[in-house]
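Q: quick one, fold the following:
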Amino acid sequence: MKIKEIAEKLKISPRAIRFYEQKGLIAPGKQMHNQYRTFSEREIWRLQTIIALREVGMPIEEIKTVLAQIEQGEQDELRYYLELQRSVMVSQWVEMKQIIETIDRMIDLLQRNRSLVLDDLYRLAEGSRRLRELRKNWRDRWNFDRQADSYDERVRNRPYDYEQALDLTVEWIAPKPGESGLDIGTGTGNLAGRFLAKGIRMAGIDQSKEMLKQCRRKHPGMETRLGNFLAIPYLDGQFDFAVTSFALHHLTDEQKLLALEEMRRVLKPHGRICITDLMFENERKRAEYLEMLRQQGNVEAIRAIEDEYYADRSRLLDWYERHGYRTRHKQISELLHIVCAVPVQA
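A: From the prediction side, this is the model:
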């Protein structure tokens with residue numbers, strides 16, 4: 001087929017086709033006597049793929065990588081790139097919702113006060129900017145992709161009862177037949193697997209593609225998505241409960257509160273939340289514990305705690321109280337706590 005014919009078939013302009021050729025995404029043949037481009041089935045397939053990936057906003061350089069991997073039979077990489085694109089778009093969508101909500105508050109202030117006080121305007125704008133930065137500033141400093149292959153073996157050697165903690169999470173959530181749950185920071189799916197064994201529909205998200213590969217290998221029937229606490233890749237009101245284990249402590253204190261907002265967003269009106277993680281009862285307990293470690297000369301343990309962001313349980317409980325939840329909590333071991341919350345009214 002010639003360029004005009006292929007342009008009409010695929011409903012794109014000849015100019016766009018030439019652009020993709022210039023970028024090295026396609027390489028149509030050329031007739032010897034007139035240098036007209038001719039398109040083989042392979043080039044038509046590549047153009048169709050390019051158009052589909054551009055439609056979801058994938059950059060040209062990433063498309064070039066994806067095309068090479070598809071032709072080598074690496075379908076997992078295509079899935080990763082598509083999920084990565086979805087993750088970016090969800091982040092943009094969540095951010096746009098936040099901006100719209102800020103504008104709505106400004107309009108409400110204007111209607112109630114008949115004028116907009118500059119201090120109020122600035123406060124709302126600053127709050128919106130701060131939330132946007134919190135979402136963008138998270139980085140995987142721990143390289144979970146590299147940990148994925150050995151993760152299950154390492155958790156079995158942790159100095160606390162890992163299995164007991166996961167079992168207690170399931171017990172406290174008390175899932176009912178027909179419910180669906182979300183495991184955030186699912187890792188290799190150890191917590192989600194316990195719900196699946198009870199016949200509960202589960203979805204899991206994680207920012208590590210290698211962790212998700214391990215999860216899908218262990219639980220092929222489970223839905224997984226690339227994503228994180230700060231922009232959960234689901235629409236509002238999708239789940240009956242959300243759980244997370246040994247993951248929240250990779251967020252700063254401010255990011256934790258934003259994560260709670262995101263959990264609430266994707267839950268149904270009566271949706272419940274259960275967090276099982278390393279944390280301190282309050283800041284006084286944190287200071288006392290670190291001082292004890294210093295007196296013992298346990299520098300390694302201090303570094304491990306300071307490398308992460310163990311929660312202040314009292315701050316989590318305060319957030320739940322302010323947002324109309326009834327809570328239940330328990331300290332399982334020296335640093336391990338479980339906090340469950342159910343809305344009082346919906």
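Q: need the contact partners of the helix or strand residue 302 falls within.
A: Using DSSP states H and E, residue 302 sits in helix 299-306. Contacts to helix 299-306, defined as CB atoms under 8 Å, 6 or more residues apart in numbering, come from residues 290, 293, 294. C-betas here are computed from N, CA, C, even on glycine.
Q: ok, residue 229 touching residue 262?
A: Yes: if you go by CB atoms under 8 Å, residue 229 and residue 262 touch, sitting 6.2 Å apart.
Q: identify the residues contacting the helix or strand following the helix holding residue 302?
A: The helix or strand immediately downstream of helix 299-306 is strand 311-312, counting by DSSP H and E. Identification of contacts with strand 311-312 by CB under 8 Å, 6+ apart yields 248, 249, 253, 256, 275, 277, 278, 279, 280, 282, 283, 286.
Q: what about this structure, any weak spots by pLDDT?
A: 31-35, 56, 114-118, 120-122, 159-160, 346 (pLDDT under 70).
Q: residue ranges of the strands in it, please?
A: 29-30, 37-38, 180-184, 201-206, 223-226, 239-245, 267-280, 311-312, 325-331, 336-343 (DSSP state E).
Q: what are the contacting residues of the fourth one?
A: Contacts to strand 201-206, defined as CB under 8 Å, 6+ apart, come from residues 144, 179-187, 189, 192, 195-196, 212, 215, 219, 222-228, 232-234, 239.
Q: pairing partners for that strand, with directions?
A: strand 180-184 (parallel), strand 223-226 (parallel) (DSSP bridges).
Q: which residue packs closest to the spatially most central residue of the chain, ignoring adjacent ones?
A: By CA atoms, centre = their mean, the chain has its centre lying nearest to residue 228, at 1.8 Å. Excluding the flanking residues, the one nearest residue 228 by CB to CB, 6 or more residues apart in numbering is residue 207, at 4.5 Å.
Q: residues near that neighbour, how many?
A: Residue neighbour count, defined by other CB atoms under 10 Å, stands at 20 for residue 207.
Q: swap in residue 194?
A: For residue 194, the count of nearby residues is 21 (other CB under 10 Å).
Q: what of the one 10 residues further on?
A: When counting by other CB under 10 Å, one arrives at 29 neighbours for residue 204.
Q: and what of residue 19?
A: By other CB under 10 Å, neighbour count at residue 19 equals 13.
Q: so how far is residue 193 from it?
A: 47 Å (CB to CB, to the nearest Å).
Q: which strand residues bridge residue 225?
A: Beta-bridge partners for residue 225, by DSSP bridges, are residue 205.
Q: can you name the residues that contact it?
A: Residues near residue 225 by CB under 8 Å, 6+ apart: 83, 86, 87, 203, 204, 205, 233, 234.
Q: and with 7 Å instead?
A: 83, 203, 205, 233 (CB atoms under 7 Å, 6 or more residues apart in numbering).
Q: can you pick the most crowded of those residues?
A: Counting by other CB under 10 Å, top hit in the contacts of residue 225: residue 205 with 25 neighbours.
Q: distance of that one relative to residue 243?
A: Distance from residue 205 to residue 243, by CB to CB: 12 Å.
Q: try residue 207
A: 17 Å.
Q: do the same with residue 62
A: Taking CB to CB as the measure, residue 62 falls 33 Å from residue 243.
Q: looking at the two now, which is surrounded by more residues?
A: For residue 62 versus residue 243, neighbours defined as other CB under 10 Å are more numerous around residue 243 (31 against 14).
Q: apart from its neighbours in sequence, what residue is nearest that one?
A: residue 274 (4.8 Å).
Q: how about the contacts made by the one you found?
A: Contacts of residue 274 (CB under 7 Å, 6+ apart): 169, 172, 173, 243, 338, 340.
Q: how about a cut-off of 10 Å?
A: Counting by CB atoms under 10 Å, 6 or more residues apart in numbering, residue 274 touches 168-174, 181, 191, 241-245, 328, 338-342.
Q: beta partners of it?
A: Beta-bridge partners, per DSSP bridges, of residue 274: residue 243, residue 340.
Q: report how many residues lie close to residue 45.
A: 15.
Q: go ahead and confirm it touches residue 25.
A: No: assessed by CB atoms under 10 Å, residue 45 is found out of contact with residue 25, at 12.0 Å.
Q: buried subset of the contacts of strand 311-312?
A: With neighbours counted by 16 or more other CB atoms under 10 Å, the contacts of strand 311-312 contain buried members at 248, 249, 256, 275, 277, 278, 279, 280, 286.
Q: tell me who's in contact with residue 309.
A: Neighbouring residues of residue 309 by CB under 10 Å, 6+ apart: 248, 249, 250, 251, 252, 253, 254, 255, 256, 278, 279.
Q: relative to residue 141, how far out is the fifth one?
A: Note on residue 252: its distance to residue 141, by CB to CB, is 12 Å.
Q: the more surrounded of those two?
A: residue 252 (12 against 9).
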